[in-house]
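Visitor: fold the following for me, if possible:
(chains A and B)
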There are 2 protein chains.
Amino acid sequence: MQSEKTFVTGTLHPVEVGMRTLKLSRTYSCGGMEFSSLPLYDTSGPWSDPSFVIDPEKGLPPIRDTWSFWEGKSVVSTTATSSARRARKALDGGGITQMYFARNGVITPEMEYVAIRENQNLEQWISGFSRGSKKHIPVTPEFVRQEIAAGRAIIPANINHPELEPMIIGRNFRVKINSNIGNSALGSSIVEEVEKAVWSCRWGADTVMDLSTGANIHQTRQWILRNSPVPIGTVPIYQALEKVGGKAEDLTWEIYRDTLIEQAEQGVDYFTIHAGILREHLPFAEKRLTGIVSRGGSIMAKWCKANKQENFLFTRFEEICRILQAYDIAVSLGDALRPGSILDANDEAQFGELKVLGELTKVAWQFDVQVMIEGPGHVPLNMIEENMQKQLEYCHEAPFYTLGPLVTDIAAGYDHINSAIGGTLIASFGCSMLCYVTPKEHLGLPDRNDVREGVIAHKVAAHAADLAKGSPVAWLRDELMSRARYAFAWEDQFNLSLDPEKTRESHRSSMAASGRTDKNPDFCTMCGPDFCSMKKSKEATAQK
Amino acid sequence: MQSEKTFVTGTLHPVEVGMRTLKLSRTYSCGGMEFSSLPLYDTSGPWSDPSFVIDPEKGLPPIRDTWSFWEGKSVVSTTATSSARRARKALDGGGITQMYFARNGVITPEMEYVAIRENQNLEQWISGFSRGSKKHIPVTPEFVRQEIAAGRAIIPANINHPELEPMIIGRNFRVKINSNIGNSALGSSIVEEVEKAVWSCRWGADTVMDLSTGANIHQTRQWILRNSPVPIGTVPIYQALEKVGGKAEDLTWEIYRDTLIEQAEQGVDYFTIHAGILREHLPFAEKRLTGIVSRGGSIMAKWCKANKQENFLFTRFEEICRILQAYDIAVSLGDALRPGSILDANDEAQFGELKVLGELTKVAWQFDVQVMIEGPGHVPLNMIEENMQKQLEYCHEAPFYTLGPLVTDIAAGYDHINSAIGGTLIASFGCSMLCYVTPKEHLGLPDRNDVREGVIAHKVAAHAADLAKGSPVAWLRDELMSRARYAFAWEDQFNLSLDPEKTRESHRSSMAASGRTDKNPDFCTMCGPDFCSMKKSKEATAQK
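Guide: Numbering: from 1, shown residues only, chains lettered A, B, ... in the order given. From the prediction side, this is the model:
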């Protein structure tokens, strides 16, 4: 890729926001401005910085430590259980979350960082953008603060993850995507998992969930965190379950609590917690075609039935929040009852749980804990909008983070496409982050190529939703792409696409297969030189 | 695939409608009915019938000839120019189109054929289906007749294509998909093209457009038609252009007319004709970011400007209709001014042409010529619905047939996904057929794997739209799939998916990579045996 790592410096804090600035082969004029380069939002951190020598053993540089924002606000944890690092926690157990600062009128380095990042150094373009009647203004640190104070956006950023490049999840910002990694008991090795985490960031994943369930779960996570520029999420119940030999009924609050603290001290940025599935919901789930398809949800359902008690994640939720607030870990309230088939979509089980998630949101906010809400699942296209509406209504506008939705059950092998279809629609309605789905969904553990396919499919979805929502920076990239296309500027087309390697190789191999050796052709092999509509269109325009 | 070719016989006509009936490994109970097999809509014709010995030299059996419907209504063409076959045309130049019969209260064999086909031998299920308040009734031949008489649906079926298995395009029927083939000057050989045509039907293409532009264009088409069970469409201006050495300005009405007749006698089922682009539209197109991106459109624009005359496809449109009605060729009114970038979407050029297409629709209907309307193109998600609304309004409910829409310009390499996103949405609003886009769009000529990927992506889109529209047969397939999934009936899952080969292989290779040899595992390697939510959900349900 013809790009270089560039940095924009903050004015309030000593933040240096990395971007990937694409060099264009010529100057394009868009809306009265000239562009010979384009700064792109970059999720790959130091991994795409050629000037930086990376040592995975050492991990990435702890950039957030240089901002010196936590001095006097946090102390070395005294509960440190298992981590080799010096873990930090809030001095008095609270008062350090992004939401706390936001509510108290303080703009943190993280807030300034994400404001700069969202604008992509294109403030002038954004201010001048006109499409529709809406007036566009660049994202300001103050706007970020307001959105976080209102609970409409979150910055998942554990104070023990200093390697993090902060990002924001909320519907008034760019749509984000999450990718999952995880060595299931049958799957891959630790080194592979670290590589996979970095691999998905390279293709554009904004956050990564480590869903590892096999051996070495603690060490795997440690490596991933120390090498990850993006927020890492986990589902702590998985590790807790391993600690009780896989028997859900043997889980206890104490084991779970210790697992939360263990992961908190490692630096996990957000936890998925299935606190909304209650005993009263289970009869509804049992009437379903596909029951409970959330791993965490099925574990808690089994625990509730075996112990004849209410879900301890619900009954202990305030205690959980006290832990989260001490490290600034965001909670992703899990949708244990998401539909696993379109026949189960939008049913009593699903919406019953969603209401509980709304109640829990208010509880978390009392502790200044940042919240997002997880969503479905399998939902036919015509029932997607209701999901978004109900989520906004029940959950007080906390950001929505959905898995798909998948709009049919029969697309196995192509579920990344299935998910991108539903994901684009729900994101255009206001969903803030899409969890990726790979072509292996429902079939097996994804490999590297599946991860790449899954990430790019959801980058298409997120970007298409940004366009639908009128994002000026999204529209600029499309305009540059189309100008490059009309100009037959192939290198620019490759570099402006979501996967330059693939587009470059597709074009090259098609030309080669046709025996063409043109250096900079004004056609492609799809229509050939005599039938290129763009070429003919330009000829017609040139004609008097 | 565990399926066999089965046939349903007509009651009004001697039609035998082929289906692919899937054998399930067990009996599933859905909505009070038992299913141990499922008849599927099958686009592959005799190519998937193992009892049939196919000789590509001879072509497929001319099944429509056995219906003896044309006797006394048609004669051997006297204008036969170049075809080796006995070509037929209407006795008095008209009175043989499906629309003519429909308007005169006659149910043709083709109408009965498509009615049986749409129901998939599932009339009982359809009648009993309840989802929402809508009452469902199976498709009847009389309903087909009414839809065709109203112009809301078409059966593209040239009387010179007796090998055809009729299908219907209209928004009150299953959403269809078209795939394109064509040896561009740089591309593939004739044998490859015939194979590619059959190849896309195998994966589910409902119609095929032969966009060949290179040498041997006539012979290529002849081979494809004689071996195609699905309707074949062409863009006759391409061949006409070859006849004048590629110089658009040298095109004449006479050359074009003779090309129409040549292809009509070969049996082409529908023609794309760019009759709606007028000189008055050109200044609007010239203001665009990407000008004219329709091949046929750019040819006509060049002709108009060079000759300083109005588009002859427009001025001669009545003469064109007289030819079409003599063979019952449907016209697909080309959208020469479809947007080629999202910045150009829904502009004056596009909607100006669409209005003209609406006027031409009325003209064609005066000749009982069946009409569909081609649509965009590149359109951001939030502007798609307006396309469908305007098309219905301007074009009097004639079926809409769109290319995508692509919801972003930057998805090169993944444009099949891009197109499936927009396609699902517009089909859910009422678009009748989606033209596929492959991963090579904007980059080069698709190969076999690109065709397969493109077809399946759009099968996902079409099926998802059918679900959104409440199609009972679509819902049944998803319900069976999810029942098979919850039962860990892997073979049924593979067979019920849109690409059984891929799903079977994905599952197999994932298991093998994990070193598992379980014969019929109750888990997959995505979560492993200890974390399978469906397994745990069933255990919880079983628990007292």
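
Visitor: going forward, measure contacts and count neighbours with C-alpha atoms only.
Guide: Fine.

Visitor: all strands of the stretch 51-200 of chain A, in order?
Guide: A:74-76, A:88-90, A:153-154, A:169-170, A:176-181 (DSSP state E, counting those that start in this stretch).

Visitor: wait, the stretch 401-544 of chain A
Guide: Counting by DSSP E, counting those that start in this stretch, the strands of the stretch 401-544 of chain A are A:433-435.

Visitor: so where's it shaky on pLDDT?
Guide: In the predicted model of the stretch 401-544 of chain A, residues A:544 satisfy pLDDT under 70.

Visitor: shaky segments in chain A?
Guide: Checking chain A against pLDDT under 70 turns up A:1, A:78-85, A:132-133, A:183-193, A:544.

Visitor: buried stuff in the strand ranked longest in it?
Guide: In chain A, assigned by DSSP state E, the strand with the most residues is strand A:16-30. With burial defined by 16 or more other Cα atoms under 10 Å in any protein chain shown, the residues of strand A:16-30 counted as buried are A:16-24, A:28.

Visitor: likewise stretch A:528-544?
Guide: For stretch A:528-544, a neighbour-count test (16+ other Cα under 10 Å) marks A:528-538, A:540-541 as buried.

Visitor: and for stretch A:333-350?
Guide: Quick answer for stretch A:333-350 (16+ other Cα under 10 Å): A:333-346, A:349-350.

Visitor: now that stretch, how far from the chain's geometric center?
Guide: 21 Å (Cα atoms, centre = their mean, to the nearest Å).

Visitor: contacting residues for A:C532?
Guide: A:523-524, B:295 (Cα atoms under 8 Å, 6 or more residues apart in numbering or on different chains).

Visitor: now do 10 Å
Guide: A:C532 sits next to A:522-526, B:293-296, B:298-299 when contact means Cα atoms under 10 Å, 6 or more residues apart in numbering or on different chains.

Visitor: also A:E16?
Guide: Contacts of A:E16 (Cα under 10 Å, 6+ apart): A:6-10, A:63, A:67, A:113, A:116-117, A:165.

Visitor: spatially, which two of these are the most separated?
Guide: A:T6 and A:W67 (19.0 Å; Cα to Cα).

Visitor: JSON lines for the buried residues of strand A:16-30, including distance to B:V175?
Guide: Converted to JSON lines, those look like this (distance: Cα to Cα, whole Å):
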{"residue": "A:E16", "distance to B:V175": "51"}
{"residue": "A:V17", "distance to B:V175": "47"}
{"residue": "A:G18", "distance to B:V175": "46"}
{"residue": "A:M19", "distance to B:V175": "43"}
{"residue": "A:R20", "distance to B:V175": "42"}
{"residue": "A:T21", "distance to B:V175": "43"}
{"residue": "A:L22", "distance to B:V175": "41"}
{"residue": "A:K23", "distance to B:V175": "43"}
{"residue": "A:L24", "distance to B:V175": "41"}
{"residue": "A:Y28", "distance to B:V175": "40"}
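
Visitor: spatially, what comes nearest to A:L476 if we skip its sequence neighbours?
Guide: Distances taken as Cα to Cα, 6 or more residues apart in numbering or on different chains put A:C30 closest to A:L476, at 7.8 Å, once the chain neighbours are dropped.

Visitor: again with A:P380
Guide: A:V407 (4.5 Å).

Visitor: and the one you found, how many residues sit next to it?
Guide: 33 (other Cα atoms under 10 Å in any protein chain shown).

Visitor: which ones are touching it?
Guide: A:V407 touches A:341-342, A:377-384, A:415, A:417-423, B:424, B:460-461, B:463-465, B:467-468, counting by Cα under 10 Å, 6+ apart.

Visitor: so how far is A:C532 from A:K302?
Guide: 61 Å (Cα to Cα, to the nearest Å).

Visitor: hmm, back to that, tell me which of the strands of the stretch 51-200 of chain A lies nearest to chain B.
Guide: strand A:176-181 (10.3 Å; Cα to the nearest Cα).

Visitor: most surrounded residue in the contacts of A:C532?
Guide: The most crowded member of the contacts of A:C532, judged by other Cα under 10 Å, is B:S298 (29 neighbours).

Visitor: and the helices in the stretch 301-450 of chain A?
Guide: For the stretch 301-450 of chain A, the helices defined by DSSP state H, counting those that start in this stretch occupy A:312-315, A:317-327, A:348-366, A:384-394, A:415-429, A:448-468.

Visitor: packed most tightly, which of those helices would that be?
Guide: helix A:415-429 (a mean of 30; mean count of other Cα atoms under 10 Å in any protein chain shown).

Visitor: elements contacting it?
Guide: helix A:384-394, strand A:400-403, strand A:433-435, helix A:448-468, helix B:415-429, helix B:448-468 (3 or more Cα pairs under 10 Å, 6 or more residues apart in numbering or on different chains; DSSP states H and E).

Visitor: let's see that helix as CSV, backbone CA atoms only.
Guide: What follows is helix A:415-429, C-alpha atoms only, in CSV (Å, rounded to 0.1, in the frame of the first residue of the first chain):
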residue,chain,number,x,y,z
ASP,A,415,-23.0,-16.2,6.7
HIS,A,416,-20.5,-13.3,6.5
ILE,A,417,-22.6,-12.0,3.6
ASN,A,418,-25.8,-12.9,5.5
SER,A,419,-24.6,-10.9,8.5
ALA,A,420,-23.4,-8.0,6.4
ILE,A,421,-26.8,-7.6,4.9
GLY,A,422,-28.6,-7.4,8.3
GLY,A,423,-25.7,-5.5,9.8
THR,A,424,-25.8,-2.7,7.2
LEU,A,425,-29.5,-2.2,7.8
ILE,A,426,-29.4,-2.1,11.6
ALA,A,427,-26.3,0.1,11.6
SER,A,428,-28.1,2.6,9.3
PHE,A,429,-30.8,2.7,11.9
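
Visitor: name the SS class of A:T272, please.
Guide: Following DSSP: H, G, I helix; E, B strand; the rest coil, A:T272 is assigned to strand.

Visitor: tally up the residues packed near it, please.
Guide: Counted with other Cα under 10 Å, A:T272 comes out at 21.

Visitor: so what's it bridging to?
Guide: A:S332 (DSSP bridges).

Visitor: distance of it from A:A157?
Guide: From A:T272 to A:A157 the distance is 15 Å (Cα to Cα).

Visitor: before we move on, back to that, turn the strands of the stretch 51-200 of chain A into JSON lines, including distance to chain B and mean neighbour count.
Guide: Listed next are those as JSON lines, based on distance: least, Cα to the nearest Cα, whole Å; neighbours: other Cα atoms under 10 Å in any protein chain shown:
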{"stretch": "strand A:74-76", "distance to chain B": "35", "mean neighbour count": "17"}
{"stretch": "strand A:88-90", "distance to chain B": "32", "mean neighbour count": "25"}
{"stretch": "strand A:153-154", "distance to chain B": "23", "mean neighbour count": "27"}
{"stretch": "strand A:169-170", "distance to chain B": "20", "mean neighbour count": "26"}
{"stretch": "strand A:176-181", "distance to chain B": "10", "mean neighbour count": "26"}
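
Visitor: any chance of those in CSV, plus distance to A:E397?
Guide: Listed next are those as CSV, based on distance: least, Cα to Cα, whole Å:
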stretch, distance to A:E397
strand A:74-76, 30
strand A:88-90, 27
strand A:153-154, 9
strand A:169-170, 9
strand A:176-181, 17
